[in-house]
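Asks: Quick one, structure for this:
(chains A, B, C, D, E and F)
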4 protein chains.
Amino acid sequence: MPRVSEEHLERRRRQILDAAQLCFARKGFNATSMQDVFTESGMSAGAVYRYFASKDQIIWALVAPTLGPLRERLAAYIRTEQTPTPAEVIRMLTREIVARSGPDGPLRLAPQVWALALVQPDAAAIPVRESIAGMRELWLEYAIRMRELGWVPDDTDADALAKAMFGLLPGFILQHLLLNDVTPDDFARGVEVMLPGPRP
Amino acid sequence: MPRVSEEHLERRRRQILDAAQLCFARKGFNATSMQDVFTESGMSAGAVYRYFASKDQIIWALVAPTLGPLRERLAAYIRTEQTPTPAEVIRMLTREIVARSGPDGPLRLAPQVWALALVQPDAAAIPVRESIAGMRELWLEYAIRMRELGWVPDDTDADALAKAMFGLLPGFILQHLLLNDVTPDDFARGVEVMLPGPRP
Amino acid sequence: MPRVSEEHLERRRRQILDAAQLCFARKGFNATSMQDVFTESGMSAGAVYRYFASKDQIIWALVAPTLGPLRERLAAYIRTEQTPTPAEVIRMLTREIVARSGPDGPLRLAPQVWALALVQPDAAAIPVRESIAGMRELWLEYAIRMRELGWVPDDTDADALAKAMFGLLPGFILQHLLLNDVTPDDFARGVEVMLPGPRP
Amino acid sequence: MPRVSEEHLERRRRQILDAAQLCFARKGFNATSMQDVFTESGMSAGAVYRYFASKDQIIWALVAPTLGPLRERLAAYIRTEQTPTPAEVIRMLTREIVARSGPDGPLRLAPQVWALALVQPDAAAIPVRESIAGMRELWLEYAIRMRELGWVPDDTDADALAKAMFGLLPGFILQHLLLNDVTPDDFARGVEVMLPGPRP
DNA sequence: TATGAATGAGGTTTCATTCAT
DNA sequence: CATGAATGAAACCTCATTCAT
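Replies: Next up, the predicted model:
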């Protein structure tokens, strides 16, 4: 069935990535065999390899969507006119995380991606590092805004604050995925105690 | 009457675990072959398999020491007479983390352990879950103490606060291991802004 | 009434064979994938398979032209009125070989064809055997003529002489292709020492 | 069965090489699967790969013995006190060739090795080229001796003569392997016509 | 008790060929 | 007629584990 539309190709790619996502979320990168991906996607070996040159390529193609969208949401949210309080930001983000943590949600891969990045030759892990660094920059932007708004003392080290606030997210992801006993509201309430918004 | 001393057996086990630790930290659980462990430990295949029944057994034997000692330190620290401030606790813990994150430090395996636990059948992951849950219980204990000391409002949801505070640690570990640009002091300073200690 | 001209069909076949020739000369029969042939010929898989039923068919279609023309040239040359001396014959043939040994020359396939014939079921290799046998018959014809002309003793075993003379060619081909330090003149000069022509 | 003798290891290597030799001679390098080698050798995949890192390594390990011993025989023969005539040298060498051309004889691989060398990146083919060049050097040595002995004219181009004489061997190998109708005596008789020894 | 050679299932990937469009 | 996406068998190789010595 030659001469297929661009759209068809994209659909095939998605078909593979969705299948791989599911497999990886269930069994992990390594325990998932390419055969698993073939079966789950309903495609043949040759077909899959027409779209991705190797298993690694599939894995890396799933890395970007893991953290990218989260970052965009954060960027949009902290730049609204009415700057949200830390608790509000955290509630929004953790809700986003929960929404993307379903059996086929990209965030289910996050811990695996972290582990992978730690173990990969430096070059290969760059996208992961940049993804994390990019997210943290947004938190820095937000920390500065907090200082401007007088929510934290004028002499606050915004960088340090950003590192700490960013640090909350992996902790939420882990607790959510592993213990499954933390809700966005829980977490936001906890953060509310730590970081109040506008002082009355 | 065993042919070899108990001590000898323990030394052998350590020899294997140390070698495996190093290999796993360098290449990850999956990319590390048993041959790597044989070579690194200077032992033969048969010798290693006399002490551990499988590769998995070695991996799981390394999981407990990953988080266990950290928990003990936290327990000791928050139970001192002069309750430390949150920033002090975080500084102490992150220092501990840094100290255990060297090339052969157990904490270098943490992200891999998280990833493993997510992907393993539920039963197998229980130790990891318990380890995390146990750590969080200490944070709950500490949150309650904070409330008692009046560091946080009386109506504070201690459970939520514990979840949030605990959540900081994975974030520090990740930033430290992946970006390597966060010091315990940075982090503590950030937390200080969030969670003050005794009110003046 | 065919839809396309005979000429068109022939042109297509040539297009494929030329592309395959080049690929085979560069990478060998086995390392050349059909995809290589598709790309080099600028044709699609389906198109190529319309003209040749299989990769093997393409290979065998290239075998005949490898040695055939050489044979015709030899036939023509030794049958001229003024019988050429052995050195002259060799010079002519080796020149022909050099001319056909360019990057896309059929003779670059010769060693591969020999190897193939040795390994193929007997039936399949018949064309190669016949090609070689046919060439050697011409040498026999020439050896007999040499004897008639008194260039070699009357009791010369023409068959043995033919086998020896024929044997020179593969040696030249190999040296030329692999070492690339033998010219037709070199070789002819060497042969001149071995086999003089008309005695003064 | 650890702690095996050096001899045992060597026997294993031979076992693999012999099996591979046979397979390669029967089906060619490419049509021979590693599974064929496992089966023929009676060894398992893992066992074979303990001795050779790849199929290529096995192939190249078979290349040296293809031409090496022939060269040694030639060296010894032409350096005897009583220099043999060309026909005698050829008879000796072709006998050697025949002896090594059985179903499991290394010379059955010669044409495949030639083909391989033509198609391999330059570096990989160096051993083949050197093997051929080394053989030809011996012929040069012999050609010079012929000139010294007055068997050929004083102004003979020894280099050219060496190239021509060497050229006879591949031709014999091919005729012997492919047509199987040439005996060493045939060939020597043919050469005798071409190149006489001591003039009466 | 220690050794390390051996096993063999299973992993990823390739590629000649087909056939719906 | 042409296209090129799809097939799927089979290739090479790895590696956790065993067990004869």
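Asks: OK, contacts around the residue nearest the centre of chain A?
Replies: Geometric centre of chain A, nearest residue: A:Leu67, 2.7 Å, by CA atoms, centre = their mean. Listed by CB atoms under 8 Å, 6 or more residues apart in numbering or on different chains, the contact set of A:Leu67 reads A:110, A:113, A:131-132, A:135. (Glycine included, C-beta is placed from N, CA and C.)
Asks: Among the residues you listed, which one sits closest to chain B?
Replies: Among those, A:Ile132 lies closest to chain B (CB to the nearest CB), at 6.2 Å.
Asks: Okay, and that closest one sits in which element?
Replies: Using DSSP states H and E, A:Ile132 sits in helix A:122-148.
Asks: re earlier: how far away is the residue nearest to the centre of chain A from chain B?
Replies: 12 Å (CB to the nearest CB, to the nearest Å).
Asks: helix/strand/coil for A:Arg50?
Replies: helix (DSSP: H, G, I helix; E, B strand; the rest coil).
Asks: how near is it to DNA strand E?
Replies: Counting by CB to the nearest atom of the strand, to the nearest Å, the gap from A:Arg50 to DNA strand E is 7 Å.
Asks: A:Thr66 now?
Replies: In terms of CB to the nearest atom of the strand, A:Thr66 sits 20 Å off from DNA strand E.
Asks: A:Leu62 - how many residues pack around it?
Replies: Per other CB atoms under 10 Å in any protein chain shown, the neighbour tally for A:Leu62 reads 20.
Asks: ditto for A:Trp60
Replies: The number of residues near A:Trp60, taken as other CB under 10 Å, comes to 17.
Asks: can you check the one 10 residues further on too?
Replies: For A:Leu70, the count of nearby residues is 22 (other CB under 10 Å).
Asks: isn't it right next to A:Met135, touching?
Replies: Yes. Using CB atoms under 8 Å, A:Leu70 is in contact with A:Met135, at 7.1 Å.
Asks: All the helices of chain A, residue numbers only.
Replies: Taking DSSP state H as the criterion, chain A carries its helices at A:6-31, A:34-41, A:45-51, A:55-78, A:86-99, A:110-119, A:122-148, A:158-174, A:184-194.
Asks: quick one, which of those helices is nearest to B:Ala61?
Replies: Among those, the nearest to B:Ala61 by CB to CB is helix A:110-119 (18.4 Å).
Asks: Check which helices and strands the closest one is in contact with.
Replies: Judged by 3 or more CB pairs under 8 Å, 6 or more residues apart in numbering or on different chains; DSSP states H and E, helix A:110-119 is in contact with helix A:6-31, helix A:55-78, helix A:122-148, helix A:158-174, helix B:6-31, helix B:110-119.
Asks: Distance from the chain centre to it, please.
Replies: 12 Å (CA atoms, centre = their mean, to the nearest Å).
Asks: And for stretch A:117-130?
Replies: 15 Å.
Asks: And stretch A:60-70, by the same measure?
Replies: Distance, stretch centre to chain centre, for stretch A:60-70: 6 Å (CA atoms, centre = their mean).
Asks: got any ranges where chain A has weak pLDDT?
Replies: A:1-3, A:196-200 (pLDDT under 70).
Asks: run the last query once more with 80
Replies: Chain A contains residues with pLDDT under 80 at A:1-4, A:121, A:195-200.
Asks: can you list the domain ranges for it.
Replies: A:1-52, A:63-194 (automatic domain parsing).
Asks: would CSV of those with distance to B:Phe52 be doable?
Replies: Formatted as CSV, these follow (distance: least, CB to CB, whole Å):
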stretch, distance to B:Phe52
domain A:1-52, 20
domain A:63-194, 21
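Asks: Most tightly packed of the ones you listed?
Replies: domain A:63-194 (a mean of 19; mean count of other CB atoms under 10 Å in any protein chain shown).
Asks: how about the helices and strands packed on helix A:110-119 in JSON lines, adding distance to B:Ala143?
Replies: Output for the helices and strands packed on helix A:110-119, formatted as JSON lines (distance: least, CB to CB, whole Å):
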{"stretch": "helix A:6-31", "distance to B:Ala143": "32"}
{"stretch": "helix A:55-78", "distance to B:Ala143": "27"}
{"stretch": "helix A:122-148", "distance to B:Ala143": "23"}
{"stretch": "helix A:158-174", "distance to B:Ala143": "15"}
{"stretch": "helix B:6-31", "distance to B:Ala143": "33"}
{"stretch": "helix B:110-119", "distance to B:Ala143": "23"}
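Asks: quick one: which of the ones you listed is nearest DNA strand F?
Replies: Closest of those to DNA strand F is helix A:6-31, at 5.3 Å (criterion: CB to the nearest atom of the strand).
Asks: What is the closest one packed up against?
Replies: So helix A:6-31, by 3+ CB pairs under 8 Å, 6+ apart, packs with helix A:34-41, helix A:45-51, helix A:55-78, helix A:110-119, helix B:6-31, helix B:110-119.
Asks: can we see that at 7 Å?
Replies: helix A:34-41, helix A:45-51, helix A:55-78, helix A:110-119, helix B:110-119 (3 or more CB pairs under 7 Å, 6 or more residues apart in numbering or on different chains; DSSP states H and E).
Asks: Tell me how far A:Thr32 lies from A:Leu116.
Replies: Using CB to CB, to the nearest Å, A:Thr32 is found at 13 Å from A:Leu116.
Asks: Please apply the same query to A:Leu93.
Replies: 23 Å.
Asks: swap in A:Leu169?
Replies: Taking CB to CB, one finds A:Leu169 at 18 Å from A:Leu116.
Asks: just A:Glu192 next, same as before
Replies: Counting by CB to CB, the gap from A:Glu192 to A:Leu116 is 34 Å.
Asks: What of A:Met135?
Replies: 17 Å.
Asks: With distance to A:Glu10 as added columns, please give the helices and strands packed on helix A:6-31 in CSV.
Replies: What follows is these, written out as CSV (distance: least, CB to CB, whole Å):
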stretch, distance to A:Glu10
helix A:34-41, 14
helix A:45-51, 10
helix A:55-78, 13
helix A:110-119, 23
helix B:110-119, 29
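Asks: For burial, what's the neighbour tally of the residue lying closest to A:Met34 once chain neighbours are set aside?
Replies: Excluding the flanking residues, the one nearest A:Met34 by CB to CB, 6 or more residues apart in numbering or on different chains is A:Lys55, at 5.8 Å. For A:Lys55, the neighbour count with other CB under 10 Å is 17.
Asks: tell me which parts of chain A are close to chain D?
Replies: By the rule CB under 7 Å from any CB of the partner chain, no part of chain A lies against chain D.
Asks: so A:Leu109 makes contact with A:Leu62?
Replies: Yes. Between A:Leu109 and A:Leu62 there is a contact at 6.1 Å, judged by CB atoms under 7 Å.
Asks: Need the overlap of contacts for these two.
Replies: A:Phe24 (CB atoms under 7 Å, 6 or more residues apart in numbering or on different chains).
Asks: list the contacts for A:Arg71?
Replies: Neighbours of A:Arg71 in contact, by CB under 7 Å, 6+ apart: A:134-135, A:138.
Asks: Closest to C:Ala75 out of those?
Replies: A:Gly134 (76.4 Å).
Asks: how about the nearest residue to the closest one, chain neighbours excluded?
Replies: Take A:Gly134 and drop its neighbours on the chain: the residue closest to it by CB to CB, 6+ apart is A:Arg71, 5.7 Å away.
Asks: picking that back up, of the helices of chain A, which approaches C:Arg145 most closely?
Replies: Using CB to CB, those put helix A:45-51 closest to C:Arg145, at 59.1 Å.
Asks: Report all helices and strands that that closest one contacts.
Replies: By 3+ CB pairs under 7 Å, 6+ apart, helix A:45-51 packs against helix A:6-31, helix A:34-41.
Asks: Minimum distance to D:Leu17: which of those helices has it?
Replies: helix A:34-41 (33.4 Å).
Asks: picking up where we left off before, could the contacts of A:Leu67 go into TSV alongside distance to D:Asp185?
Replies: Below are the contacts of A:Leu67 laid out as TSV (distance: CB to CB, whole Å):
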residue	distance to D:Asp185
A:Ala110	79
A:Val113	74
A:Ser131	78
A:Ile132	81
A:Met135	85
